[in-house]
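J.: give the three-dimensional model of this entry:
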Amino acid sequence: MGDASPAPRRSTPAPVRARTGIAALAVPNLEEPYFAELTALLVRRANERGLSILIQQTEGDHDREVDIANGVGLPPTDGLIHIPRSLTVGDLTRRTSPGPLVLLGEHIQVSPFTHVTIDNRRAAREATAHLASVGCRRVAFVGPRDASPSDAADQRYSGYREAVADPALGLAADPALVAQLASFTPEEGARAMRELLAAGVDFDGVVCSNDSVAFGVLAALHEAGVAVPRTVAVIGIDDVRQARFATPALSSVAPDKEGIVEAALTELERQIAARPGADLPVRHVIVDAHIVARASTAR
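T.: Have a look, this model is predicted:
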C-alpha cells in the first residue's frame, strides 16, 4: 500500500469581527435643523434594520472629528457614518481604528472613501435659475465661507456663479451681491442681509446657502420693511420642516433625505458584511434634489 497523500493545507481564516449592532454617527451640530432631521430619520431607518445609532456631536471641530474617526472615546461599534466639516483625506487614511466608514454631506476632494451627498453645485445653480424664472435680475448670494472653509459652501457658490454667467438667464454679475458668512446660522444670515441693506446694494432676489441662513435673511428683510416676495424673492437649500411655516413660506431645494439615509445605511451594511480585508469598491452616491416653490418666490 502506498503512502497516504498529505492532507491538504488549510489557510487560516481571517478573524471575524464580533458584531455589536451599534453604528456611530458623527454630526456637526444638532441645533442645525437639517442635521437634526437627517439624524432622526437615520435613527428610525437604522432601527428598522436592527441597528442602533450612537450619536456624537462634533461642532465641526477638527480634533474631535479625527478622534471619532479613530474611535477615541467610543465603545466598540460596527461602523461609522461621518458628516465631516474639517476632516481631510490624510486624516482618514491615517485612521488608527479602521473599519466600515461612510461619509455624508460635505465632499472630501478625491476621496478614497464611500460618500453619499447631493450635487451642491447643481442645487445652487437651480435655485438661482428659479429666481431668474420668476423675474429676478439682480440676485444676491448669502454665503461663501472664506473665513471658515466649507466644501458645501464652495460648491453652492460655484453653482450660483455658473447661473449668473449663463446669458440665457439674464442675471447681473456684481461682486457686491455676494455676502460672506462665518457659519450657516440664522444669526449670520440676518447679519449678512443687514450689511447688504446698509451698503445700499440693489437686489431683487436672494439665494441662501441653506434654510437656516434664509430664516435670518427673511427676518432682516422683514425688520427693514422689505416685502417678500414682491420686492425681494428668497430661496434656501435643504427644505427643512420649518421652511413651510416661515413667513412667507420659504422656497427651497429639497434633497431626497430618505434616499440619503437609505444609501448611507446600505453602504455601511455592505462594508459591515464584507469579510475582513476584502477589497470593496469605493462608491460615491449622488442623491436627487429638486426645487420646492413656496410663497417666498411667488412673484
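
J.: can you report phi and psi for residue 253?
T.: phi -90, psi 120 (degrees, to the nearest 10).

J.: just to check, it is in contact with residue 293?
T.: No: using CB atoms under 8 Å, residue 253 makes no contact with residue 293, being 10.4 Å away. (C-beta placed from N, C-alpha, C; glycine too.)

J.: which residue is the nearest non-sequential neighbour of the residue nearest the centre of the chain?
T.: Central residue of the chain (CA atoms, centre = their mean): residue 105, 3.2 Å from the mean position. Closest residue to residue 105 apart from its sequence neighbours, by CB to CB, 6 or more residues apart in numbering: residue 83 at 4.6 Å.

J.: please apply the same query to residue 258.
T.: Residue 258's closest residue in space is residue 41 (CB to CB, 6+ apart), at 7.1 Å.

J.: swap in residue 91?
T.: Closest to residue 91 by CB to CB, 6+ apart is residue 66, at 5.2 Å.

J.: mean pLDDT per helix and strand in this protein: which one sits at the bottom?
T.: helix 89-93 (a mean of 87; mean pLDDT, DSSP states H and E).

J.: now for the helix or strand following that helix, which elements pack on it?
T.: Next helix or strand after helix 89-93 toward the C-terminus (DSSP states H and E): strand 101-104. Helices and strands touching strand 101-104, by 3 or more CB pairs under 8 Å, 6 or more residues apart in numbering; DSSP states H and E, are strand 79-82, strand 115-118, helix 257-273.

J.: sheet partners, orientation included, of strand 101-104?
T.: Applying DSSP bridges, strand 101-104 is found paired with strand 79-82 (parallel), strand 115-118 (parallel).

J.: returning to what we had before: more neighbours: residue 253 and residue 293, which one.
T.: Using other CB atoms under 10 Å as the criterion, residue 253 and residue 293 rank with residue 253 on top: 27 against 14.

J.: now do that one against residue 295, distance only.
T.: Distance from residue 253 to residue 295, counting by CB to CB, to the nearest Å: 16 Å.

J.: likewise for residue 97?
T.: Per CB to CB, residue 97 is found 49 Å from residue 295.

J.: got a list of what the residue nearest to residue 136 when sequence neighbours are not counted touches?
T.: Nearest non-adjacent residue to residue 136, counting by CB to CB, 6+ apart: residue 205, 3.3 Å away. Going by CB atoms under 8 Å, 6 or more residues apart in numbering, residue 205 touches 131-132, 134, 136, 138-140, 232-235, 297.

J.: please redo it, this time with the cut-off set to 10 Å
T.: The neighbours of residue 205, taking CB atoms under 10 Å, 6 or more residues apart in numbering as the test, are 127-128, 130-132, 134-141, 171, 177, 229, 231-235, 297, 299.

J.: so where is the protein shaky, pLDDT-wise?
T.: 1-17, 106-110, 149 (pLDDT under 70).

J.: neighbours of the nearest residue to residue 49 once chain neighbours are set aside, how many?
T.: Leaving out its chain neighbours, the residue that sits closest to residue 49 by CB to CB, 6+ apart is residue 265, at 6.2 Å. Number of residues near residue 265 (other CB under 10 Å) recorded here: 22.

J.: in terms of contact, does residue 265 touch residue 100 like I think?
T.: No: taking contacts as CB atoms under 10 Å, residue 265 lies outside contact range of residue 100: 11.2 Å.

J.: which residues are common contacts for those two?
T.: Listed as contacting both residue 265 and residue 100 by CB under 10 Å, 6+ apart are 23, 79, 81.

J.: and of the residues you listed, the nearest to residue 187?
T.: Checking the shared contacts of residue 265 and residue 100 against residue 187 with CB to CB, the nearest one is residue 81 at 28.2 Å.

J.: ok so, going back, the residue nearest to residue 105 reaches residue 36, doesn't it?
T.: No: at 11.9 Å, residue 83 and residue 36 do not qualify as touching, with contact defined as CB under 10 Å.

J.: which of those two has more neighbours?
T.: Using other CB under 10 Å, the more surrounded residue of residue 83 and residue 36 is residue 83, with 22 against 15.

J.: what about the helices in the stretch 51-200 of the chain?
T.: With helices called from DSSP state H, counting those that start in this stretch, the stretch 51-200 of the chain shows them at 62-69, 89-93, 120-133, 151-165, 186-198.

J.: what residues sit buried inside the longest one?
T.: Residues of helix 151-165 classed as buried: 151-157, 159-164 (neighbour count, 16 or more other CB atoms under 10 Å).
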